Every structure is written in C-alpha cells, then in structure tokens.
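Q: my questions are about this predicted structure, shown below with the sequence.
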Amino acid sequence: KDDEENYDDLCNLQTMTEESILETLHLRFYKLKIYTYASNILIAINPNKFLPVYYNPKYIKMYENQPLGKLSPHIFAVADVTFRAMLNRQANQCIVITGESGSGKTESSSYLIHCLTALSQKTYFTGLKRTILGAVPVLEAFGNARTSENNNSSRFGKFIQLNYLEKDLNTWNSLDLTQ
Ligand SMILES: Nc1ncnc2c1ncn2[C@@H]1O[C@H](COP(=O)(O)OP(=O)(O)OP(=O)(O)O)[C@@H](O)[C@H]1O
C-alpha cells in the first residue's frame, strides 16, 4: 500500500481515483497536513482550530522565493509565487478561492493578505495589514449571518484588490484576490 499521507502533490499518486484522492487527503489530515497540492492548485482542509505551527511569521520568510512544490504545501507559498509572478511578469495576478460554505475561504483569504502585505516590506511599518484586515469585520457586520454550516458565514461574494505602489516595488502593479 502506498504511503499516501506523504504525497504533497496528488499528481504523484500511483492511482488517480476519487477514492485514492480522498484517502490521501484523509490520511494527511490526520497528520495535521491540511494543505496538499494538485499541480499548482492548493487544496486546504479546514482544521477548525488554530494551528500555530502553520502560521508562524517565520514561514513567510521560509517560503519566500521558493518555487511551488519545493517545500511542503502552504498558503504562504501560493501568496509568494503570485507576488513573484506579478513582479516578474509586470502584470496583475489573480487568486481564486473556492469551496463550500464553512470550508475556510475567508480564513484563507486573510492568510493570503497577511502574507502578501508582509512581502511588500514597507507594510511592516505602516500597519497596512491591520488596516486591510480591520475592514473585514466591518463588512461582515453587514453581510454575514449564522447558518447551519458556519457560525459566521459570508452571505456575499468578495472581490479584494491589493494595489502596490511604485515606490514600494519599483513599478506599478496590482494584485487581485477573488472570493
Ligand atoms: N485554516 C484554518 N485554521 C483554523 N480555523 C479555520 C481555518 N479555516 C477555517 N477555519 C475555521 O472555520 C470557520 C469557517 O471558515 P470560513 O468562515 O473561512 O469559511 P468560508 O468558506 O468563508 O464560509 P462561507 O462561505 O460560509 O462564508 C472559521 O470561522 C474558522 O473558525
């Protein structure tokens, strides 16, 4: 039997069936590996509890400038490759976050913003991350509601656009997050 829990990328599975995919994700989840790649798509499973081991700020640095797949799957890796693609291609980039209600889209978008603001160095000092993420509860006050799937469910679609200033990046760029 394959050592499924060690497959960081589902594309490496020997047999690609719905059963093998679900079993792999299942086994990984029990080892608290909530992130798995399927090529350049990141699958995130909601752990329903804060896992400090994943979100220590040192990981932002660790994933910086690393190609996708070199290190263990992580949402910071997605943020970093997107940020680099924007700089290298001089073009807007888009991250699409999708999943059923309560799967963790809002939470994931916060981690992405956290990482993307940290990557543009200046925000460390301007508190921009706090300002952007501070708007979230205000919007949620208007558009969230408790449902059977999620105590704080977004009842609206979100389009978040992060614009970077030329003086920060040496070029005008913007980056979109769509949820
Ligand atoms: N990576 C995570 N780590 C810890 N807890 C998480 C994570 N992702 C989600 N959760 C938990 O699951 C709850 C639901 O997640 P979230 O609100 O992000 O789902 P959603 O996909 O945006 O749902 P909806 O579509 O209903 O708005 C969060 O309030 C949080 O408690």
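A: Good, I have the coordinates. Numbering: from 1, shown residues only.
Q: switch to C-alpha atoms for all contacts and neighbour counts from now on
A: Will do.
Q: what lies in contact with stretch 44-57?
A: Phe29, Leu32, Ile34, Tyr35, Thr36, Ser103, Gly104 (C-alpha atoms under 8 Å, 6 or more residues apart in numbering).
Q: now do the buried residues in it.
A: Within stretch 44-57, the residues that count as buried by 16 or more other C-alpha atoms under 10 Å are Ala44, Ile45, Asn46, Tyr54, Tyr55.
Q: about what we covered before: for Gly134, state which of the contacts of stretch 44-57 is nearest.
A: Among those, Gly104 lies closest to Gly134 (C-alpha to C-alpha), at 18.3 Å.
Q: how near is the closest one to Gly157?
A: To Gly157, Gly104 is 14 Å away according to C-alpha to C-alpha, to the nearest Å.
Q: who has more neighbours, these two?
A: Set Gly104 next to Gly157 and count neighbours by other C-alpha atoms under 10 Å: Gly104 wins out with 20 against 9.
Q: got the contact list for the more buried one?
A: So Gly104 contacts Ala44, Ile45, Asn46 (C-alpha under 8 Å, 6+ apart).
Q: show me those that map onto strands.
A: Ala44 (DSSP state E).
Q: filter the contacts of Gly104 down to the ones close to the ligand.
A: Asn46 (C-alpha under 6 Å from any ligand atom).
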